[in-house]
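[1] got a structure for you, letters missing:
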């Protein structure tokens, strides 16, 4: 949840402080670009932070944005700067104390890295040319890292802060199915979704737009799940406590797996501004809705009665999915040899043409060092294969074997075979068509439920940190002047 980073900025930090030495000579150095309470942030101070960003780009060997993108970057930097200042002030007002060693260690590590990376003569030249010194650089870094340390400590104490003042936790995130969806509930479903994504290896949002889409999906998933619960209530479907407990154990499985003891579990919950009691309450709510969803789905399946497929439907399915059409589809098996082993491919083809069982040849050649693949390709269309292979395979009658066919992959020995007949396929086709019809009906029934799910969310869905920062903007009457950048 941290928005303020505590990156140690390697050797090019020198560039940042160089800006301090030179900006003071500029005419607009003292211009105020932001106000946080009674504190003014000048353009010179802003340019110091801008230099930090330049350093990060330089270290990563990336070009700094230009034009409109650079203008946007500067606005983001200003936002970060005023937010850090506001958090620093709020932390002090709340009586937070951060030991000097916390941030001084970062400063000393940065200075040490600089001095290990840049030779002493170059450093002295740098200080001299920019009218500064190691002492002045150290003082600048101390002030900057001190504010970062206080802002970080404040964010670490969010659980305590928001527990004492529940205003932000009760703030409306959105309106879901006609009811206010409060921040605390959103934090639970956000955490649950994040844990599931982490355990399953799913990628997390990488930028602001992706994060907004992620938030909206969480709300939409909840709305649809609750719609099933509402349907279950309308149908007066019973849900037992035992069913809820069993489902709740499933819901909590990953959290319990990641946090095997109460202390670690409480710690990770506090990071999401949740207590163990909050988790218990919302996980039970979620489990109850999931049980309802399972029962509604089962009742839909029990209600669905589909007619047996007609002879015409069976024949059409057979022609489209099982039968073959000349010069369009076929069934084949192949043995693929390396492009350096045409001779081995020729021997294999001759053996197959002489009457040896092709399946037996596949088993034999699977482990041959010259063979890349030996398999049954089943039914395929001409367009699905590279042209030389497709042309050769489609020219074969069932039971025929090709000469070695050269493609970009190597030499293929191809064996064509006949498709299953309509009569022998009928029973399987009936089952398939019946399942498809049942699935279509189930989707229709489920769609009727999920269409009742309604989410009314603002253009920007704000997380708890953003809401907190908004509150600081009001508290300290923050004003920014991006046009002065």
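    Thanks, I have the structure now. The structure presented is a predicted model; accordingly, all values stated were derived computationally and were not measured.

[2] domain parsing for the chain?
    13-156+480-484, 172-303, 324-419 (automatic domain parsing).

[3] any low-confidence regions in this protein?
    Along the chain, segments meeting pLDDT under 70 span 1-28, 52, 55-56, 58-61, 118, 126-127, 129-132.

[4] what are the ranges of the strands in the protein?
    32-36, 39-42, 172-176, 179-182, 329-337, 371-381, 405-407, 410-417, 455-456, 479-480 (DSSP state E).

[5] Just send these back as a markdown table, with distance to residue 54 and mean neighbour count too.
    No exception for glycine: its C-beta is placed from N, CA and C like everyone else's. Below are these laid out as a markdown table (distance: least, Cβ to Cβ, whole Å; neighbours: other Cβ atoms under 10 Å):
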| stretch | distance to residue 54 | mean neighbour count |
| --- | --- | --- |
| strand 32-36 | 17 | 21 |
| strand 39-42 | 18 | 16 |
| strand 172-176 | 37 | 19 |
| strand 179-182 | 41 | 15 |
| strand 329-337 | 54 | 23 |
| strand 371-381 | 51 | 16 |
| strand 405-407 | 53 | 17 |
| strand 410-417 | 53 | 24 |
| strand 455-456 | 41 | 14 |
| strand 479-480 | 21 | 16 |
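
[6] so which of these comes closest to residue 293?
    Among these, strand 172-176 comes nearest to residue 293, with 15.8 Å by Cβ to Cβ.

[7] same for that closest one, what does it pack against?
    In terms of contacts (3 or more Cβ pairs under 8 Å, 6 or more residues apart in numbering; DSSP states H and E), strand 172-176 is packed against strand 179-182, helix 183-200, helix 208-234, strand 455-456.

[8] If we use 6 Å, what do you get?
    strand 179-182, strand 455-456 (3 or more Cβ pairs under 6 Å, 6 or more residues apart in numbering; DSSP states H and E).

[9] wait, which of those strands is closest to residue 169?
    strand 179-182 (6.9 Å).

[10] How about the residue positioned nearest the centre of the chain: what's its closest non-neighbour residue?
    Against the mean C-alpha coordinate of the chain, by Cα atoms, centre = their mean, the closest residue is residue 204 at 2.2 Å. Spatial nearest neighbour of residue 204, chain neighbours left out: residue 197 (6.1 Å); criterion: Cβ to Cβ, 6 or more residues apart in numbering.

[11] returning to what we had before: tabulate the strands of the chain (JSON lines), appending distance to residue 390.
    JSON lines is the format used below for these (distance: least, Cβ to Cβ, whole Å):
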{"stretch": "strand 32-36", "distance to residue 390": "66"}
{"stretch": "strand 39-42", "distance to residue 390": "68"}
{"stretch": "strand 172-176", "distance to residue 390": "52"}
{"stretch": "strand 179-182", "distance to residue 390": "55"}
{"stretch": "strand 329-337", "distance to residue 390": "9"}
{"stretch": "strand 371-381", "distance to residue 390": "8"}
{"stretch": "strand 405-407", "distance to residue 390": "10"}
{"stretch": "strand 410-417", "distance to residue 390": "10"}
{"stretch": "strand 455-456", "distance to residue 390": "48"}
{"stretch": "strand 479-480", "distance to residue 390": "64"}
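
[12] Ok, which of those strands comes nearest residue 151?
    For residue 151, the closest of these is strand 32-36, at 12.3 Å, according to Cβ to Cβ.

[13] Show me what the closest one is in contact with.
    Contact partners of strand 32-36, identified using Cβ atoms under 6 Å, 6 or more residues apart in numbering, comprise 40-41, 43, 46, 82, 85-86, 476, 478-481, 484.

[14] I appreciate the help and will end here.
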